[in-house]
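K.L.:
Let me see the structure of the following:
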Amino acid sequence: MGTENPGRPSFPMRPSSTPFASAPPTVRPFSSSGPAAGPESSNFRPIPPGAPQTMAPFSAAGPSPPARFIDPSVPSPPITSVPPSGAPYQRFPTPPFPSSAQTPPNRAPPVGQPPFQPPTSQVSVPPPSFRPQTQVPPVAMGSPPQNANFPPSRMNVPQPPSDSLLSGPRPNFQPPFPGYPSKQPVVSQAPSSFPAHQGSFMPPPAPPSAFPSHQGSYGPPPVATNLGYQSRDQMQHPVSARPIGGVQSLTEDFSSLSVASMPGSMEPGLDYRALPRPLDGDVVPSSFLEMYPMNCDPRYLRLTTSAIPNSQSLVSRWHLPLGAVVCPLAEAPEGEEVPVINFASTGIIRCRRCRTYVNPYVTFTDAGRKWRCNICSLLNDVPGEYFANLDATGRRIDLDQRPELVKGSVEFVAPTEYMVRPPMPPLYFFLIDVSISAVRSGMIEVVAQTIRSCLDELPGFPRTQIGFITFDSTIHFYNMKSSLTQPQMMVVSDLDDIFVPLPDDLLVNLSESRNVVETFLDSLPSMFQDNVNVESAFGPALKAAFMVMSQLGGKLLIFQNSLPSLGVGRLKLRGDDLRAYGTDKEHILRLPEDPFYKQMAADLTKYQIGVNIYAFSDKYTDIASLGTLAKYTGGQVYYYPSFQSGIHGEKLRHELARDLTRETAWEAVMRIRCGKGIRFTSYHGNFMLRSTDLLALPAVDCDKAYAMQLSLEETLLTTQTVYFQVALLYTASCGERRIRVHTAAAPVVTDLGEMYRLADTGAIVSLFCRLAIEKTLTSKLEDARNSLQLRIVKALREYRNLHAVQHRLGARMIYPESLKFLCLYGLALSKSVPLKGGYADAQLDERCASGFTMMALPVKKLLKLLYPSLIRIDEYLLKPSGQADGFKNIMKRLPLVAESLDSRGLYIYDDGFHFVIWFGRMLSPDIAKNLLGPEFAAELSRVTLTEHDNEMSRRLMKILKNLRESDPSYYQLPCLTRQAKLMIYSSS
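P.N.:
Next up, the predicted model:
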């Protein structure tokens, strides 16, 4: 490499071949000190050791890597490697490894480059790392080389299959870690390790016997196939490993890891079909569940690694996020329910010091009269009503009657001391834009019909409260007192001094005023059908809704169709400024323009009001500002660009109905406790942080997840196990105050390999996603992508340093089995709507709306969005009726590569938010005719996907229905497309 490393041999490079003879000096990736292979490889001469070194430490003629890629805090263990097996390199002769008493013959330096002379210490005695290691058997990596004996090498770089790939001038090497390709081709850019259509790297398995003994029973790290270019010194000659603790450049190790030998080409030695892909979706690590069977289900709490590092030094080497993802109200597994426990007069059993709730990991002593807290180790007295004797093993004899002592997830009924005020009834308040754009789009009619259809299913009957405000350039209140036969409209036009007329009659009990509410919803679409008002007094209307709801709290659903233009909170048409992209002002576009919205969000949260935003517009509506209301009140943003009821109506109906009818926790606060020596330092998601560790959640449901990062407070942890406990205090729709508690345990480890083995890709990607989206609010998009990619590169480099010596894995990328999809998800995240590209790649409103949505997604839904499902259905549709009952058989997911698409097939692509139904160019016309009707040959823009009177059409609609029911969080709107055609939105 040219980097000074006493004690290892180093060899100059051979003269370049003819294509390179006249080329100007350019950097050859990672070939600074190694010999080249080829017909002249045996005719080289060493340069006198006394000659000065003229080569850069990083490469032959290129600049040294910038400081930001140097990670001095991370030691670099010795790395040895062998080239990949197989025939591509058989024609290169392999000279024997030189002993300490001999040196290789001299040869001329490469043409166009100054001679390189290694220090004397580098050619005298080979380091001990090259002595035979009989205790570690070689790892099988496919077929062995037939006539080559490759000694170890210290570099992790790709290899070309033949000289034909090196026939042209090489591009100049650029060390910086880019987010996107630069103007000139760069061989060694890190993003090349995340190819768009290839994802990760598929390993042939290595024998477990070669794995280090201290890492337990798990197998050796997988080994990937050959990757791109190979430095010449790895083809034949050995180079010593860098000493442990030496500073090593990230670019030096990983920037040239590419699955393509040249841009636009695929190396023949790489079978991309063998690369691992998450075709089974989100898979929770099972080994952790077996270690701690009393932990809560992972759908409630997932750690990024289930092995907690015991020291700060270990944390510094773990370059991935260290933290957790919590979904406190996740839907319970089928057939299971979270047990509800009422201690009644006993009171809830908690530690008197750290306030931990009693759980399966507390221990009882003193014949059952005391219990020890698993979080802070304090001995607590057992109340007399809760006392039970212990058996010979120290376990309580009534365990089978105490779910809180055997189950990781329970709910306690909270006594009155857990209430600031009596539990409030569920309240749904609707703030509806009735300007001309809302009327023309059909939004008002769809919303009114959906609310009316859901009245019987609103949670909390018969306590549920309901209210409405509509607005354009004025604000319209509605008196729905039960004694009226129809609602009374009251119009307030003074936007500067908002007041609430008849405040006691604007919120009504749904069961008492049901007839008046239904009458209002039936007449609402016609009430404004002739409205031509284009203005939007959204800010004053929001303040009015806050004044009405502030006594009870509840859920505020906002339906906004145009940019706020009047009164407080009015917004400018700032739009998407092309000139801002790539500058320090870029992120300002993604921040709220007016501080009014963040202040309103703080006030709403204080009074237990959660906000959900439904945004409809074909023009800019500043989702960055409006979405702030949902972000800080625990809500979410639904975005329907260019909404038309005939096309998007069904999607709005489904998502609004789910929002109204799903079980909701009201007036909630959440805290997560952890053992001594560690603490959570940052929280990420849609909420308001009330104190350093208390999350305020006015309304929370099963579709919301929250992420948090963990840090060590002490230099060294002395405990063997760390415990985590999530506590959500909330009001149930039935009026009970409850505490949902999730408890989990994790081992403390001293080995970085254990942290990798117990890593959870889903949790890591979920936390990465939130961190990257938050970074776009303070930095450029490119900076956010680079930050994500750099951390993945650091993590893979660290893992490679752990295992390359033992497994002789030179020129191969390795990764732990637990993180085999990490590169793929990292690439997908970089290409997701909130992070991808720049000005031309996504509308600003779409980018912001997607960011708000992804910040709240649970792990499973996020991973499906990043790597969608692709299934083929034409074969299923053609089966006879008697054989078409195997619906599960067609659900086999296909890799997301072009080769998965057959021009004779019909496919469904499902990311959880949309369906893309892909018609192959050579698909049977009979199938298209049955599914699309008489317009099967027309442009899909003129075709509406509906159910036709034939078996094939009914099967397709049944498939779509089953896919939607498998994850009802969002409604997937079908997009019909023909091969080589643009996607066309359609309804279903």
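
K.L.:
got the contact list for Pro360?
P.N.:
Neighbouring residues of Pro360 by C-beta atoms under 8 Å, 6 or more residues apart in numbering: Met294, Glu404, Leu405, Val406, Lys407, Gly408, Thr743. No exception for glycine: its C-beta is placed from N, CA and C like everyone else's.

K.L.:
Just the buried subset of those residues, written out for ChimeraX, thanks.
P.N.:
Under the burial definition 16 or more other C-beta atoms under 10 Å, those of the contacts of Pro360 that qualify are selected in ChimeraX by:
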select :404,405,407,408,743
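
K.L.:
number of nearby residues for Val568?
P.N.:
Using other C-beta atoms under 10 Å, Val568 is surrounded by 17 other residues.

K.L.:
Of all the helix elements in this structure, which one is longest?
P.N.:
The longest helix of the chain (DSSP state H) is helix 781-807.

K.L.:
Which elements pack onto it?
P.N.:
Judged by 3 or more C-beta pairs under 8 Å, 6 or more residues apart in numbering; DSSP states H and E, helix 781-807 is in contact with helix 250-254, helix 752-757, helix 761-775, helix 822-830.

K.L.:
how about a cut-off of 10 Å?
P.N.:
Here helix 781-807 touches helix 250-254, helix 312-317, helix 752-757, helix 761-775, helix 822-830, going by 3 or more C-beta pairs under 10 Å, 6 or more residues apart in numbering; DSSP states H and E.

K.L.:
closest one to Ile613 among these?
P.N.:
For the helices and strands packed on helix 781-807, proximity to Ile613 was assessed by C-beta to C-beta; helix 761-775 is nearest, at 16.9 Å.

K.L.:
Name the residues of the closest one that are buried.
P.N.:
Neighbour-count burial for helix 761-775 flags 761-773, 775 (criterion: 16+ other C-beta under 10 Å).

K.L.:
what about the chain, any weak spots by pLDDT?
P.N.:
Low-confidence segments of the chain (pLDDT under 70): 1-271, 804-813, 882-887, 941-942, 981-988.

K.L.:
For Ala745, which three-state class applies?
P.N.:
With DSSP: H, G, I helix; E, B strand; the rest coil as the basis, Ala745 sits in strand.

K.L.:
quick one: which of the buried residues of helix 761-775 is nearest to Phe821?
P.N.:
Distance ranking of the buried residues of helix 761-775 against Phe821, using C-beta to C-beta, places Thr761 first at 5.3 Å.

K.L.:
Now do that closest one against Ala746, distance only.
P.N.:
Computed as C-beta to C-beta, to the nearest Å, the Thr761 to Ala746 distance reads 17 Å.

K.L.:
next one: Gly553
P.N.:
36 Å.

K.L.:
on that earlier part again, dump the contacts of Pro360 into CSV; add secondary structure as well.
P.N.:
CSV is the format used below for these (three-state DSSP):
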residue, secondary structure
Met294, coil
Glu404, helix
Leu405, helix
Val406, coil
Lys407, coil
Gly408, coil
Thr743, strand
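
K.L.:
ok, so of the contacts of Pro360, who is nearest Arg872?
P.N.:
Nearest member of those to Arg872, counting by C-beta to C-beta, is Gly408, at 39.9 Å.

K.L.:
which non-adjacent residue is nearest the closest one?
P.N.:
Distances taken as C-beta to C-beta, 6 or more residues apart in numbering place Cys296 nearest to Gly408, at 3.4 Å, with adjacent residues excluded.

K.L.:
what phi and what psi does the backbone show at that neighbour?
P.N.:
Main-chain torsions, Cys296, degrees, to the nearest 10: phi -70, psi 160.

K.L.:
what about it, neighbour count?
P.N.:
For Cys296, using other C-beta under 10 Å, the count is 25.

K.L.:
What separation do you get for the closest residue to Tyr756 other than its chain neighbours and Ser850?
P.N.:
Excluding its sequence neighbours, the residue lying closest to Tyr756 (C-beta to C-beta, 6+ apart) is Pro816, at 4.2 Å. Here the criterion is C-beta to C-beta. By it, Pro816 lies 30 Å from Ser850.

K.L.:
Would you check how far apart Thr761 and Ser787 are?
P.N.:
Distance from Thr761 to Ser787, by C-beta to C-beta: 18 Å.

K.L.:
scratch that, Ile436 is what I was asking about
P.N.:
Ile436 sits at a distance of 44 Å from Ser787 (criterion: C-beta to C-beta).

K.L.:
Span of stretch 412-426 from start to end?
P.N.:
End-to-end distance for stretch 412-426: 20 Å, by C-alpha to C-alpha, to the nearest Å.

K.L.:
can you pull the buried residues of that stretch?
P.N.:
Counting neighbours by 16+ other C-beta under 10 Å, one finds that the buried residues in stretch 412-426 are Phe412, Val413, Ala414, Pro423, Met424, Pro425, Pro426.

K.L.:
Among the residues you listed, name the ones in strands.
P.N.:
Within these, residues falling in strands by DSSP state E are Phe412, Val413.

K.L.:
Save the buried residues of stretch 412-426 as JSON lines, and put in distance to Thr450 too.
P.N.:
Output for the buried residues of stretch 412-426, formatted as JSON lines (distance: C-beta to C-beta, whole Å):
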{"residue": "Phe412", "distance to Thr450": "36"}
{"residue": "Val413", "distance to Thr450": "34"}
{"residue": "Ala414", "distance to Thr450": "34"}
{"residue": "Pro423", "distance to Thr450": "27"}
{"residue": "Met424", "distance to Thr450": "25"}
{"residue": "Pro425", "distance to Thr450": "22"}
{"residue": "Pro426", "distance to Thr450": "18"}
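
K.L.:
And the buried residues of stretch 412-426, which is closest to Tyr361?
P.N.:
Lowest distance from Tyr361 to the buried residues of stretch 412-426 (C-beta to C-beta) belongs to Phe412, with 16.6 Å.

K.L.:
on that earlier part again, and the contacts of Pro360 as CSV, adding distance to Pro360?
P.N.:
Below are the contacts of Pro360 laid out as CSV (distance: C-beta to C-beta, whole Å):
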residue, distance to Pro360
Met294, 4
Glu404, 8
Leu405, 6
Val406, 6
Lys407, 7
Gly408, 6
Thr743, 7
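
K.L.:
Which of the contacts of Pro360 sits closest to Gly753?
P.N.:
Met294 (26.0 Å).
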